[in-house]
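Chemist: quick one, structure for this:
(chains A and B)
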Number of protein chains: 2
Amino acid sequence: MTPKVHTLSNGVRVVCDPLPGWQTTALSVVAGRGARFEDAGHSGWSHLLEHMVFKGAGGRSAKQIVEAIEAEGGHINAATGYERTSFQIRALKGGLDLGSAVIADLVLRPAMDAADLTREKQVVGQEIAEAADTPDDLVFELAQEAAFAGQPLGRPILGTPKSIGTATPETLSAWRAALYAPGTLVVSAAGAVDEEELLALAERDYGGAAGADLAAPEPAAFAGGTKTVAKKLEQANLVLLLPAVGVMDPDYFALRLLAEILGGGMASRLFQEAREVRGLAYAIDAYSETYADTGVLGVFAGCAAGDAVELAEVTANELKGLTEPVGAAELSRAKAQLKGAMFMGRESALARAEQAAGQVLLFGRTLDPVAVAEQIDAVTPAQLAALTVRILEPRKAAVAILGPKAALAAADRFERTLFG
Amino acid sequence: MTPKVHTLSNGVRVVCDPLPGWQTTALSVVAGRGARFEDAGHSGWSHLLEHMVFKGAGGRSAKQIVEAIEAEGGHINAATGYERTSFQIRALKGGLDLGSAVIADLVLRPAMDAADLTREKQVVGQEIAEAADTPDDLVFELAQEAAFAGQPLGRPILGTPKSIGTATPETLSAWRAALYAPGTLVVSAAGAVDEEELLALAERDYGGAAGADLAAPEPAAFAGGTKTVAKKLEQANLVLLLPAVGVMDPDYFALRLLAEILGGGMASRLFQEAREVRGLAYAIDAYSETYADTGVLGVFAGCAAGDAVELAEVTANELKGLTEPVGAAELSRAKAQLKGAMFMGRESALARAEQAAGQVLLFGRTLDPVAVAEQIDAVTPAQLAALTVRILEPRKAAVAILGPKAALAAADRFERTLFG
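Modeler: Residues are numbered from 1 along each chain as shown, chains lettered A, B, ... in the order given. The predicted structure is shown next:
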């Protein structure tokens, strides 16, 4: 049932999810490396590198790269995260031959022209400036910084103009060789593609990749603390984080369910209490963000400045309430939501390919959705209550608030309500 | 091949796109009405109404509505546009029985509680404030206002705190009866659902709807002009609009192709010239926005303040360049992109259901994707050049600029470069 993992002689792994009758297909080539592998002086280099490889590779110019893919009706994209860098093709049936070849050029043979690098630093600099202008982006960056101060996870994926400014074609090429080494590369396809075809393409395009893998990063430690920035905005933006568990933890699905119950949908406790009953927030959302070894339980809220303190108190009280066992109907709803999202994600060929690659990186195999659904179903109310206790026990929170001055006191109220 | 349209005795239309083997399904109930049907005093009422029906309907509280859907792993959502209001369910196989019943309650039997309305006006007020804080949202609102000054299309879909403030449960209920009258309702499903099942649900849930349809809105007239707002931002945000054609126009696909060639992807003229060659913009994008009788060709750009004037000049020159016939390879790429996007959209059950509903509203039938692909393929370079002439001929543009003062002169440069 579940796609099998094949390993090329150089360590590159290949996984295929053929979908009979589909007109479209998707390919993800994923390196299990990203911004978490950067020290402070190289902050943002993985993201800058991902931009730079599109400037020219394998003899194609920047324009020729995208023209090649787009001429067949496809799309090419890439994304850099803390633990993962992903290159993606969406294409019509038959488009993976070219797609795989082009991505291999990007990953293995970028041109790294010096003039392009100078220009691309400006482009990324503008992206950094744009993030600083967007309250939604900035408040998450501040929260990440508070949660993981002084560590790679605490630095923005984009880096800073200064940290990316020092990159040269030579040093960035060395970073490429380490970041995209074959040991963590996964070639994953889904949709109108068959396994034999994909294996042949992978061998042709990625079989020759060489290079030594980076060492695993330091384990992350949740620091906690408060970052407030007063800014004349109409709205206050709050992010409240608590230390939780990582993707490999036995409590991983319990964490996902906890976030769902707390604030994952319109029937969630926070949405109902903060937005529906009290009318405090326009946006309120709980979520989990997980890495290999660690994770956070987070709440994001946007509200009027004068409501921020009350909102923080409500959130703290709802968190404390989760140390009591949740009701059967509430848990059943959260489980149905998690399973529904998983099956709905499977409508998209690209999402299937990405998810399979992620599973291979974490577990060395793909997971059967039916087995995952069973794991979700096995979580008990007692397990959720125990996880909540585990999350609150270090008495640490990371709070970021961006907005009018009146809102900044919410940080203190959140911590005092939560930890007394 | 293409889903057939059924019409209930009260005028509600039903269309089903069954997909064998799918685990998921989607339902869209779409009214062919929205903010374009509002006069200035009622600006934002359609959107406020869409919010309000979720506060309670058919005997279910706000909480019970979402709990019912989420308990089965589904999602419920809604969106208000200028010409369309859509209620959407995504569900696992078997979830449409409940989904259709719940949406019918929202559309036909909302509670309209006075206290809820007071609270919901505050929530929408916060949404309006958030849009004002977000440069990306605000600049599009300004451009829309410049393009269609004094007309419904020129007012924000959200309305203003003042215009939504006058709504009462009674007046908003009257607006509901008119906006969601059966004559423009379409019930559209795709995925794990069969036609017989959907027809039975539609008859059960929407067969009793009654009420007279609203009159068609006044034809829109492109006004044009400049809206600049100086604001201390890191970035300048520009939207440049020109009068184009509507969805029913024979040049509709030519317009889509023109936007694609101008700035639709990384191989597009603007992306290459403004971003890749000159490094002027972080974000640059051309698009078409179309309504039943009219449309615009638009360019959005985010750039450093000092680059805005040059960027406006580059954009104007690229537009003028499109009066010359485009090359065969470039046109072929744009066609492949448009067709690729259409087939990729068909990976999503909800996108299929929404698209079918939209086609029924415009054309009274669903369109065969293969026939659409043929229409796209039939567009010639001469047709594109003629359409560009048609777009430039009124010598009218709508320009919105939001950002540092240095950027505001870009409006004048754009118009002078374009119209001499």
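
Chemist: what bits of chain A have low per-residue confidence?
Modeler: Chain A contains residues with pLDDT under 70 at A:1.

Chemist: list the contacts of the residue most central in space within it.
Modeler: Residue closest to the mean C-alpha point of chain A, counted by Cα atoms, centre = their mean, is A:G81 at 5.6 Å. Shown in contact with A:G81 (Cβ atoms under 8 Å, 6 or more residues apart in numbering or on different chains): A:34-35, A:157. To be clear about C-beta, it is placed using only N, CA and C from the backbone, and glycine gets the same treatment.

Chemist: after the helix or strand where A:F87 lies, next one along is what?
Modeler: Assigned by DSSP states H and E, A:F87 belongs to strand A:85-92. Next helix or strand after strand A:85-92 toward the C-terminus (DSSP H and E): helix A:96-108.

Chemist: contacting residues around that following helix?
Modeler: Residues outside helix A:96-108 that contact it (Cβ under 8 Å, 6+ apart) are A:25, A:27, A:29, A:31, A:53-54, A:57-60, A:65, A:68-69, A:72, A:74, A:76, A:78, A:87, A:89, A:91, A:180, A:185, A:187, A:189, A:193, A:197-198, A:201-202, A:204-206, A:208-209.

Chemist: restrict those to those near chain B?
Modeler: Among those, proximity to chain B is found for A:54, A:72, A:74, A:76, A:91 (Cβ under 8 Å from any Cβ of the partner chain).

Chemist: quick one: the first one and A:I69 touch, right?
Modeler: Which is A:F54. No. A:F54 lies out of contact with A:I69 (Cβ atoms under 8 Å); the separation is 11.0 Å.

Chemist: the two: which has the busier surroundings?
Modeler: More crowded of A:F54 and A:I69, by other Cβ atoms under 10 Å in any protein chain shown: A:I69, with 28 against 20.

Chemist: tell me who's in contact with the more buried one.
Modeler: Contacts here follow Cβ under 8 Å, 6+ apart; on that basis A:I69 touches A:75-76, A:89, A:91, A:95, A:98-99, A:102.

Chemist: swap in A:H47?
Modeler: A:35, A:80, A:124, A:157-159.

Chemist: just put those residues in a markdown table and tack on distance to chain B, neighbour count and secondary structure.
Modeler: Formatted as a markdown table, these follow (distance: Cβ to the nearest Cβ, whole Å; neighbours: other Cβ atoms under 10 Å in any protein chain shown; DSSP: H, G, I helix; E, B strand; the rest coil):
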| residue | distance to chain B | neighbour count | secondary structure |
| --- | --- | --- | --- |
| A:A35 | 19 | 24 | helix |
| A:T80 | 16 | 22 | strand |
| A:V124 | 8 | 21 | helix |
| A:I157 | 16 | 22 | coil |
| A:L158 | 11 | 24 | coil |
| A:G159 | 15 | 25 | coil |
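
Chemist: now, of the contacts of helix A:96-108, which are buried?
Modeler: Among the contacts of helix A:96-108, the ones that count as buried by 16 or more other Cβ atoms under 10 Å in any protein chain shown are A:25, A:27, A:29, A:31, A:53-54, A:57-58, A:60, A:65, A:68-69, A:72, A:74, A:76, A:78, A:87, A:89, A:91, A:180, A:185, A:187, A:189, A:193, A:197-198, A:201-202, A:205-206, A:209.

Chemist: burial measure for A:P110, as a count.
Modeler: Neighbours of A:P110 under the rule other Cβ under 10 Å: 22.

Chemist: ramachandran angles for A:A31?
Modeler: Backbone torsions of A:A31, given as degrees, to the nearest 10, read phi -100, psi 130.

Chemist: taking the contacts of A:I69 together, which two end up most distant?
Modeler: Among those, the pair separated by the greatest distance (Cβ to Cβ) is A:H75 and A:L98, at 12.6 Å.

Chemist: neighbour count winner among those two?
Modeler: More neighbours surround A:H75 than the other of A:H75 and A:L98, with 21 against 17 (other Cβ under 10 Å).

Chemist: any shared contact partners between A:H75 and A:L98?
Modeler: Residues touching both A:H75 and A:L98 (Cβ under 8 Å, 6+ apart): A:69, A:91.

Chemist: among the buried ones among the contacts of helix A:96-108, which are in strands?
Modeler: A:25, A:27, A:29, A:31, A:57, A:60, A:76, A:78, A:87, A:89, A:91, A:185, A:187, A:189 (DSSP state E).

Chemist: isn't the fourth one right up against A:E83?
Modeler: No. Applying Cβ under 8 Å, one finds A:A31 not in contact with A:E83, separated by 9.8 Å.

Chemist: show me where the stretch 251-400 of chain A has its strands.
Modeler: Remark: strands assigned in the stretch 251-400 of chain A by DSSP state E, counting those that start in this stretch are A:281-290, A:295-303, A:398-403.

Chemist: which stretch among those strands comes nearest B:A129?
Modeler: Among the strands of the stretch 251-400 of chain A, the nearest to B:A129 by Cβ to Cβ is strand A:281-290 (8.0 Å).

Chemist: what about the stretch of helix or strand A:T228 belongs to, distance to the chain center?
Modeler: Secondary structure from DSSP H and E places A:T228 in strand A:225-230. Relative to the chain's own centre, strand A:225-230 is displaced by 23 Å; criterion: Cα atoms, centre = their mean, to the nearest Å.

Chemist: which positions in it come out as buried?
Modeler: Using 16+ other Cβ under 10 Å as the burial criterion, the residues of strand A:225-230 that qualify are A:226-228.

Chemist: re the thing from before, as JSON lines, the strands of the stretch 251-400 of chain A with mean neighbour count and distance to B:Q383 would be great.
Modeler: Below are the strands of the stretch 251-400 of chain A laid out as JSON lines (neighbours: other Cβ atoms under 10 Å in any protein chain shown; distance: least, Cβ to Cβ, whole Å):
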{"stretch": "strand A:281-290", "mean neighbour count": "20", "distance to B:Q383": "44"}
{"stretch": "strand A:295-303", "mean neighbour count": "26", "distance to B:Q383": "46"}
{"stretch": "strand A:398-403", "mean neighbour count": "27", "distance to B:Q383": "49"}
